[in-house]
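1. Next come a sequence and a model predicted from it.
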Amino acid sequence: MIKKTLSLVAFLSLYLLPLFTMAQSAEAERKYTAFDMRSNGKIYVLTACILVIMIGLILYMVRLDRKISQLEKETK
């Protein structure tokens, strides 16, 4: 079971390695700066995505803290 998983990971890493290098070389040809993203209006999409992710993480942590506090009260 471990050999099968290890061989699958090795195969996927060797298979995906050229894809990652091609993506990085294409990125090196044209790097987007904040100015380019702002002029295209994409900076607002990026900001909204980061904001949604951060709000989701904060809400998850608050909910988790409340559940842990409730479990601590029940055990005492």
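-> Ah, there it is.

2. Can you give me the domain boundaries for the protein?
-> 1-31, 32-76 (automatic domain parsing).

3. the helices in this structure, which residues?
-> Remark: helices assigned in the chain by DSSP state H are 2-29, 34-40, 42-75.

4. Counting by contacts, list what the last one packs against.
-> To tie it back to what came earlier, the one meant is helix 42-75. Judged by 3 or more CB pairs under 8 Å, 6 or more residues apart in numbering; DSSP states H and E, the packing partners of helix 42-75 are helix 34-40. The way it works is simple: take the backbone N, C-alpha and C, and place the C-beta from them, glycine included.

5. before we move on, what about the shortest one?
-> Contacts defined by 3+ CB pairs under 8 Å, 6+ apart place helix 34-40 against helix 42-75.

6. what does the average pLDDT come to for the helix it packs on?
-> What helix 42-75 shows for mean pLDDT is 92.

7. what's the neighbour count on the closest residue to Ile43 other than its chain neighbours?
-> Nearest in space to Ile43, with sequence neighbours left out and distances taken as CB to CB, 6 or more residues apart in numbering, is Met37 at 4.2 Å. Using other CB atoms under 10 Å, the number of residues around Met37 comes to 15.

8. Met37 touches Thr47, doesn't it?
-> No: with contact defined as CB atoms under 8 Å, Met37 does not count as touching Thr47 (9.7 Å).

9. ok so, going back, and the residue nearest to Ile43, what's its pLDDT?
-> Looking at Met37, the pLDDT reads 70.

10. Against Ile53, how distant is it?
-> Distance of Met37 to Ile53, given as CB to CB, to the nearest Å: 17 Å.

11. try Leu64
-> Taking CB to CB, one finds Leu64 at 16 Å from Ile53.

12. got it, and Leu46?
-> According to CB to CB, Leu46 stands 11 Å off from Ile53.

13. For those two, work out which one has more neighbours and name it.
-> Higher neighbour count among Leu46 and Ile53: Leu46, with 13 against 10, using other CB under 10 Å.

14. nearest spatial neighbour of that one, skipping sequence neighbours?
-> Distance criterion CB to CB, 6+ apart; nearest residue to Leu46, sequence neighbours excluded, is Met37 at 6.6 Å.
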